[in-house]
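In: everything below, folded, please.
(one chain, ligands or ions: 1)
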Amino acid sequence: MTLIHTEPEQRAVARTYELDRRHVFHSWSAQAELDPMVVTRAEGSYIWDGEGNRLLDFSSQLVNTNIGHQHPYVVEAIAHQARTLATVAPQHANDQRSEAARLICERTPGDLNRVFFTNGGADANEHAVRMARLTTGRPKVLTRYRSYHGGTQTAINLTGDPRRWPNDNADSGVVHFFGPYLYRSHFAAQSEAEECGRALAHLEQVIELEGPQTVAAVLLEAIPGTAGIMLPPPGYLAGVRELCDRYGILLIVDEVMTGFGRTGAWFVCGDEGVVPDLLTFAKGVNSGYVPLGGVAIGDRIADHFAHRPYPGGLTYSGHPLACAAAVAAITVMERDGIIGNARRVGTEVIGPELARLAERHPGVGEVRGRGVFWAVELVSDRRTRQPVAPTGGSSPVMAEAVRTAKQLGLLPFANSNRIHLVPPCTLTEAEAREGLAVLDQVLHRVDALVD
Ligand code: PLP
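Out: Sure thing, here's the model as predicted:
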């Protein structure tokens, strides 16, 4: 649907674009090659571009807007807080910060009873690792290949995908291991159970060869997100917990992308009965309306710092606008059954329809996911599973898939050879069907290109 714009509106959009190209330095990009879409407004599951085209937002703006765009209850809470107390330093207590911390602790599993607030996911992982190293006195952290933990220095070292390469420094103390990924098994496994057992045996070997007494923590995404939405086989997370316990190593679970409803549960850990020592979050905690992240901290680590200062802090730790947005977002998620909706739409509509599309389209290698967290892996040959783009890279097929989707009114999240379908948790069944109908057409185009 294209809306007619007035001339002043068109001039404003042109100015936004021109100033962006002249003055804004964008993330992860060759600056001169960019052509950013101007976004003028958003509501629920939709955003509007500078030409007035409405797009169904199956990206949730970097897997962020779990409650959808411009939720009036949350927008009003931010406005109310701005009028009441717009900022306060972290050493003071504040009602919104206290309340947000309570709501988060009540929804995380086990004894994660305290929250250190950060500005986003990367600094949450930085602080979780710092806490683990200080508590154990050990230097190393083990993380997965095919993972993303953020763009700041320690977080990018922790990351296992190619975004690490240009930023890597040799003395980071991070050692990478292979996690389970049955479709492209590193362990020649034929079943989920085999993949799980062999992945755990591999991790144990890495721990033993690195020297358990040198390893502070294993850090992993509950479900790797940007690296491919590979659901861990049943028992994997519990197996990692058990290994950590056996070797006196802390477990940090990164739920920055998976937390707060994305998979149809508050947290994957809680869903799977696994209690990490530290859990990191961001994004869905307040749907990104104001930047916020944090570390939920288990009692053992909190106790370590009871009479010993924690050497770390941030000016905006627990910023009242961000925390007011979190209180409102969590309240609305609970009140309106938003997490149940994500689970239902995933189970009843997205999963079955993606399975049908996979049968019909030879360009689809595998579909996988849960809730509103799905990946469609595109291949040029189903038998060899040859991806249509390299890991961390792009290709004409992927560029055409994204271009076609946008032209037909769907904004997906694309990475390497995958289209990720990560809409808001508030997605209706009709919106899900609308997006999947567009995906069907995109996949026809992909089939024609890889044939
Ligand atoms: N961890 C995971 C799993 C993520 O997906 C991301 C961002 O996408 C981050 C950490 C980094 O979060 P931020 O960009 O807020 O620093």
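In: from G225, how far out is N341?
Out: 20 Å (Cβ to Cβ, to the nearest Å). Where you see a C-beta, it was placed from the backbone N, CA and C, and this is true even at glycine.
In: of the two, who's got more company?
Out: Ranked by neighbour count (other Cβ atoms under 10 Å), N341 and G225 place G225 first, with 26 against 21.
In: and the pLDDT at that one?
Out: In this model, G225 is scored at 98, pLDDT.
In: grab the nearest non-local neighbour of it.
Out: M257 (3.7 Å; Cβ to Cβ, 6 or more residues apart in numbering).
In: tell me the contacts of the one you found?
Out: Listed by Cβ atoms under 8 Å, 6 or more residues apart in numbering, the contact set of M257 reads 63, 121, 221, 223, 225-226, 283, 373.
In: of all the helices and strands in this structure, which has the lowest average confidence?
Out: In the chain, no helix or strand scores lower on mean pLDDT, DSSP states H and E than helix 153-158, which sits at a mean of 93.
In: in that helix, what counts as buried?
Out: 154-158 (16 or more other Cβ atoms under 10 Å).
In: hmm, back to that, give me the subset of the contacts of M257 touching the ligand.
Out: 121, 221, 225-226 (Cβ under 6 Å from any ligand atom).
In: now go through those and say which are in strands.
Out: E221 (DSSP state E).
In: and the ones next to the ligand among the contacts of M257, which is closest to the ligand?
Out: Closest approach between the ones next to the ligand among the contacts of M257 and the ligand, by Cβ to the nearest ligand atom: G121, at 2.4 Å.
In: quick one: mean pLDDT for stretch 55-75?
Out: 98.
In: gap between S380 and the ligand?
Out: 27 Å (Cβ to the nearest ligand atom, to the nearest Å).
In: got the contact list for that residue?
Out: By Cβ under 8 Å, 6+ apart, the neighbours of S380 are 363, 386-388, 397, 450.
In: next, count neighbours for the residue lying closest to it once chain neighbours are set aside.
Out: Closest residue to S380 apart from its sequence neighbours, by Cβ to Cβ, 6+ apart: V450 at 4.4 Å. The number of residues packed near V450 is 17, by other Cβ under 10 Å.
In: mind listing what V450 touches?
Out: 362-363, 378-381, 388, 397.
In: could you redo the last one with a cut-off of 7 Å?
Out: Contacts for V450 (Cβ atoms under 7 Å, 6 or more residues apart in numbering) come out as 363, 380, 388, 397.
In: again with V206
Out: Counting by Cβ under 7 Å, 6+ apart, V206 has contacts 142, 175, 177.
In: output the set of residues of this structure in proximity to the ligand.
Out: Going by Cβ under 6 Å from any ligand atom, the residues of the chain near the ligand are 62, 120-122, 125, 148-150, 221, 225-226, 254, 256-257, 282, 293.
In: who wins on neighbours among those?
Out: Neighbour max across these (other Cβ under 10 Å) = H149, 33 neighbours.
In: and that one, helix, strand or coil?
Out: coil (DSSP: H, G, I helix; E, B strand; the rest coil).
In: I'd say it and G160 touch.
Out: No. Taking contacts as Cβ atoms under 7 Å, H149 lies outside contact range of G160: 8.2 Å.
In: so what sits against both of the two?
Out: T143.
In: output the below-cut-off pLDDT ranges for this protein.
Out: Residue ranges of the chain with pLDDT under 70: 1-4.
In: try it again with 50
Out: For the chain, the stretches flagged by pLDDT under 50 are 1, 4.
In: mind listing what's buried along the longest helix along it?
Out: Using DSSP state H, we find that the single longest helix of the chain is helix 429-450. Using 16+ other Cβ under 10 Å as the test for burial, helix 429-450 gives 431-432, 434-436, 438-439, 442-443, 445-446, 449-450.
In: check stretch 44-53 too.
Out: 44-50, 52.
In: do the same with stretch 69-87
Out: Applying 16+ other Cβ under 10 Å to stretch 69-87 flags 69-71, 74, 77-78, 81 as buried.
In: could I get these as JSON lines with secondary structure and distance to A358?
Out: Output for the buried residues of stretch 69-87, formatted as JSON lines (DSSP: H, G, I helix; E, B strand; the rest coil; distance: Cβ to Cβ, whole Å):
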{"residue": "H69", "secondary structure": "strand", "distance to A358": "29"}
{"residue": "Q70", "secondary structure": "coil", "distance to A358": "34"}
{"residue": "H71", "secondary structure": "coil", "distance to A358": "33"}
{"residue": "V74", "secondary structure": "helix", "distance to A358": "36"}
{"residue": "A77", "secondary structure": "helix", "distance to A358": "41"}
{"residue": "I78", "secondary structure": "helix", "distance to A358": "41"}
{"residue": "Q81", "secondary structure": "helix", "distance to A358": "45"}
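In: now, the most widely separated pair of those?
Out: H69 and Q81 (19.3 Å; Cβ to Cβ).
In: from memory V438 sits against L411, does it?
Out: No. The pair V438 and L411 fails to qualify as a contact (Cβ under 7 Å) at a distance of 10.0 Å.
In: burial check on P309, number of neighbours?
Out: 7.
In: does it sit in a helix, a strand or a coil?
Out: P309 ends up coil, using three-state DSSP.
In: just the element for I252, please.
Out: strand 250-254 (DSSP states H and E).
In: and the next helix or strand past that strand?
Out: helix 268-271.
In: neighbouring contacts of that following helix?
Out: 108-109, 222-223, 253, 255, 258, 265, 275-276, 279.
In: immediately after it, which helix or strand?
Out: Next along from helix 268-271, by DSSP H and E: strand 278-281.
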